[in-house]
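Asker: one predicted model, sequence on top.
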Amino acid sequence: MNKVILKGRLTRDPDVRYTTSSEPVCIARFTLAVEDRGRAKGEDGSYPANFIPCICMGKLGEIAEANLCKGKEILVCGKMQSGSYENKEGKKVYTLECFVKEIEYCGRKEDSPMPYDGQGFMNIPDDLDEELPFR
């Protein structure tokens, strides 16, 4: 069985790309910082972290693009997949990534790095009229 459940925070906003096929597919990549409670705490009192590369595809990739951002705490369920490739120097590089099948949001909206008002809506500055794709 290949199933993994990880809880952590995004280290950066998802990197999103679309395939060039006739029906483009969304591919969102991000890194999840997951505490390793099996190791001793550091000097600052926090546990060391493992940084797990994650990939979401299709509709889940679009959801990640729209809703995930750096610092957001999430829980993912998926499978680990290993791979390899040759780099520019001709050396073989091995990879290990989590292919995400489900995402659950953790924490409170108030803890999110995105600015929300008291009713759960995101605050958008008034001077963005020229950049919005609608009016």
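Answerer: Yep, that arrived.

Asker: separation between the residue most central in space within the chain and residue 9?
Answerer: By CA atoms, centre = their mean, the chain has its centre lying nearest to residue 30, at 3.9 Å. To residue 9, residue 30 is 10 Å away according to CB to CB, to the nearest Å. (C-beta placed from N, C-alpha, C; glycine too.)

Asker: okay, and the beta partners of the residue nearest to the centre of the chain?
Answerer: residue 54 (DSSP bridges).

Asker: tell me who's in contact with it.
Answerer: 10-15, 53-54, 56, 64, 68 (CB atoms under 8 Å, 6 or more residues apart in numbering).

Asker: let's see it at 6 Å
Answerer: Counting by CB atoms under 6 Å, 6 or more residues apart in numbering, residue 30 makes contact with 10, 14, 54.

Asker: not counting sequence-adjacent ones, nearest residue to residue 37?
Answerer: Spatial nearest neighbour of residue 37, chain neighbours left out: residue 47 (5.3 Å); criterion: CB to CB, 6 or more residues apart in numbering.

Asker: ok, the contacts of residue 30 vs residue 96, which is closest?
Answerer: Relative to residue 96, the closest of those is residue 54; by CB to CB it sits at 11.1 Å.

Asker: what is the neighbour count of the closest one?
Answerer: 23 (other CB atoms under 10 Å).

Asker: from residue 43, how far off is it?
Answerer: 29 Å.

Asker: quick one, grab the pLDDT at residue 127.
Answerer: At residue 127, the model reports a pLDDT of 59.

Asker: and residue 52, how many neighbours does it have?
Answerer: Quick note: residue 52 (other CB under 10 Å) scores 19 neighbours.

Asker: enumerate every residue touching it.
Answerer: 6, 32, 34, 98.

Asker: now the element after the host helix or strand of it, going C-ward?
Answerer: Counting by DSSP states H and E, the element that carries residue 52 is strand 49-57. Sequence order places helix 59-67 as the next helix or strand after strand 49-57, per DSSP H and E.

Asker: if anything else comes up later, I'll come back, but that's it for now.
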